[in-house]
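S.K.: Model the following, please.
(one chain, ligands or ions: 4)
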Amino acid sequence: MRASQFFLNTLKEAPADAEIVSHQLMMRAGMIKKLAGGIYTYMPMGLRSIRKVEQIVREEMNRAGAIELLMPAVQPAELWQESGRWEKYGPELLRLKDRHQRDFVIGPTHEEVITDVVRKEVKSYRQLPLNLYQIQSKFRDEIRPRFGVMRGREFIMKDAYSFDRNQEAALKTYDIMYEAYQRIFTRLGLNFRAVAADTGSIGGNRSHEFHVIADTGEDAIAYCPASDYAANVELAEAVCNFSRPDATQNLQKVSTPNVTACVDVASLLGCELNKTVKSVVFANRTETEEGVMVQLILALVRGDHEVNDIKLGKLAGVVELSLASDEQIQAAFGCTPGYLGPVGVSSQIRVVADRTVAAMGDFVCGANEAHFHLKGVNWGRDLPEPEVADIRNVVEGDVSPDGKGTLAICRGIEVGHVFYLGTKYSKALQATFLDETGKPAVIEMGCYGIGVTRILGAAIEQNFDDRGIVWPMSIAPFEAVLCPIGYKKSEMVREAADTLYSALKAAGVDVMLDDRDERPGVMFADWELIGVPLRVTLGDRGLKEGKVEFQSRDGRIEKCDLALSEVAARIV
Ligand code: ATP
Ligand code: MG
Ligand code: MG
Ligand code: MG
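M.R.: Ligands and ions are numbered 1, 2, ... in the order given. As a prediction, the model looks like this:
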């Protein structure tokens, strides 16, 4: 590629809304352009890196036996109603109507669509296993899109879905995907860690997130340097704290006067709760925000509701509220039993330890699509710290759940997620097959995501300096740049640059020739900002002795003279 024919658009300053370095540098390097909140155009420079990430992902998925397809972004609501997620997914799901007033969604993920494909096509055990994947733009109406492509609303994801005959086979597939992910993130040149994550109501203990280690990561990871224990903190907390037998008792303790400022969920929902709540079950963290449940339980306890049975299983998620009757639930919540309606984000609300709650800052929750914005409590300022002390997360130095040492905490960016689904979707959508004995059986599933565009941001968070991005070679938009000084003035320079450029291209190097005839300072600043790994500088003076300057962006190869004839061999 010649710079004069490319669409270069570097910026001196990053826009004010770019808070973290990867966002700033991607904007300055002209890799992305913002169209609306969380929605970006991938500019030619950015797209080159995206395509390289995709290619690595694609190669490793194919190698692991997965098959590529491409599903529609627009999906009919009926499928989501069938799976139950039309109600459960909440405001992150972008819903729209067509001209006939039929409901559709823009896919935030594709379990429903792929399960529909498979249930229609797969009839016999002979057609299994199957692992299907796509690389596609997803839309999630994130409450707080930020950090550029890191938390976008429209973003590119690789999502794979596996279909197996039984649990044993499904778990084997899971392991194959786990291995493929290890290879992918290694090839991408990232410093990453696979950590255990909660499977919520699905159980099976098979869910891992792949995190790129970075201080700016939105997630916290707990790991034990003395063993191979690693989990996201939510799971670590759940394991450390919620297995305690006295948890229920301590939950009651929370109904101290100190917590009066907690949100009364019942009144929020505009309903009178029945006095007797038969059971409250904490089940699946991933579906709902735990803060809402805690608030709800507090409201119940404070309101003198008789709570007969509080089960603290896995940390948080869906509240199953068995009120006196289904009709009452319907009347109270406007939704079916077992589900409290779409829930937004409750920020900074933590369910902690064997104790319970701290609610701080703003708290947003939604039920039945109604949204409430409320002021929560700033403990210590608005109210004295709750007596129930020890409101805290898992912290550095806590005993590791495996008992083999103490925990260290670091921050990470979730770039991939592998998840054993069991029959969650196949059961709901009735994806069955005839097994070896001719009996119908439900297909076992897994799903496996990779945040393709998020990877760009994550890679930059790990590889930058004060001059710009320092791309790992595998995903750099260009592998090498030729910077001729005086390209238009010196025939010697032009000829040497053109010849080297042709030779490198012929050898398959992804090379950029900066033929803009800019001053050296301008060229160098641009390519250092963009982060091209190798640079060759050609000038009259050196060329007279048959020499050029060679250096690598990461500093591992310091600026040195190289015979022009040797350059190709060094780069290829
Ligand atoms: P997060 O916890 O960051 O919201 P998630 O757990 O909701 O992510 P998954 O449903 O596991 O995301 O999707 C698979 C992958 O897609 C994630 O591991 C992440 O890399 C990527 N991803 C998810 N949401 C976004 C987003 N808003 N912008 C960019 N990438 C995303
Ligand atoms: Mg999310
Ligand atoms: Mg996540
Ligand atoms: Mg995830």
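
S.K.: Residues of this protein that sit close to ligand 1?
M.R.: Listed as neighbours of ligand 1 in the chain under the rule CB under 6 Å from any ligand atom: 109, 140, 142, 151-152, 155, 157, 414-417, 449, 451, 453-454. To be clear about C-beta, it is placed using only N, CA and C from the backbone, and glycine gets the same treatment.

S.K.: if you set the cut-off to 8 Å instead, what comes out?
M.R.: 38, 108-109, 138, 140, 142, 145, 149-153, 155, 157, 159, 209-210, 218-219, 286, 413-417, 419, 449-451, 453-455 (CB under 8 Å from any ligand atom).

S.K.: now those residues: which count as buried?
M.R.: Among the residues of the chain next to ligand 1, those classed as buried by 16 or more other CB atoms under 10 Å are 38, 108-109, 138, 140, 142, 145, 149-153, 155, 157, 159, 209-210, 219, 286, 413-417, 419, 449-451, 453-455.

S.K.: Show me these that map onto helices.
M.R.: Members of these lying in helices (criterion: DSSP state H): 453-455.

S.K.: of these, closest to ligand 1?
M.R.: Of all those, ligand 1 sits closest to R454, with 3.8 Å by CB to the nearest ligand atom.

S.K.: Wait, that closest one touches V415, no?
M.R.: Yes. Under the criterion of CB atoms under 8 Å, R454 makes contact with V415 at 5.8 Å.

S.K.: Provide a list of residues in contact with L11.
M.R.: By CB atoms under 8 Å, 6 or more residues apart in numbering, the contact set of L11 is 27-28, 30.

S.K.: which among those end up buried?
M.R.: 27-28, 30.

S.K.: and which of the residues you listed is nearest ligand 1?
M.R.: Scanning those for proximity to ligand 1, where the rule is CB to the nearest ligand atom, the winner is M27, at 16.1 Å.

S.K.: Which element, helix or strand, includes the residue lying closest to S227 once chain neighbours are set aside?
M.R.: Computed as CB to CB, 6 or more residues apart in numbering, the closest residue to S227 that is not its neighbour in sequence is K404, at 3.8 Å. Counting by DSSP states H and E, there is no helix or strand that carries K404.

S.K.: What is the neighbour count of K404?
M.R.: 13 (other CB atoms under 10 Å).

S.K.: next one: P440
M.R.: Neighbours around P440, by other CB under 10 Å: 10.

S.K.: mind pulling up the phi and psi values for it?
M.R.: phi -70, psi 140 (degrees, to the nearest 10).

S.K.: quick one: contacts for it?
M.R.: 432-434.

S.K.: For the chain, which residue gets nearest to ligand 1?
M.R.: Counting by CB to the nearest ligand atom, the chain gets nearest ligand 1 through G451, at 2.2 Å.

S.K.: thought that residue was touching F155?
M.R.: Yes. At 6.6 Å, G451 and F155 qualify as touching, with contact defined as CB under 8 Å.

S.K.: what is the mean pLDDT for stretch 396-405?
M.R.: Taken as a whole, stretch 396-405 has a mean pLDDT of 84.

S.K.: got the CA coordinates for the strand ranked longest in the chain in CSV?
M.R.: When the chain is parsed with DSSP state E, its longest strand is strand 408-422. C-alpha atoms of strand 408-422 as CSV (Å, rounded to 0.1, in the frame of the first residue of the first chain):
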residue,chain,number,x,y,z
ALA,A,408,-4.1,-11.8,44.5
ILE,A,409,-6.4,-9.4,42.6
CYS,A,410,-5.8,-7.9,39.2
ARG,A,411,-7.9,-6.2,36.6
GLY,A,412,-8.9,-7.6,33.2
ILE,A,413,-10.7,-7.0,30.0
GLU,A,414,-13.1,-9.9,29.0
VAL,A,415,-12.1,-10.7,25.4
GLY,A,416,-13.6,-14.2,25.3
HIS,A,417,-16.0,-16.4,27.0
VAL,A,418,-16.7,-20.1,26.7
PHE,A,419,-19.9,-21.4,28.3
TYR,A,420,-21.4,-24.8,28.7
LEU,A,421,-25.1,-24.3,28.2
GLY,A,422,-26.5,-27.8,28.7
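
S.K.: Who are the packing partners of it?
M.R.: With contacts defined as 3 or more CB pairs under 8 Å, 6 or more residues apart in numbering; DSSP states H and E, strand 408-422 has these neighbours: helix 167-187, strand 192-196, strand 207-213, strand 219-223, strand 444-451, helix 452-462.
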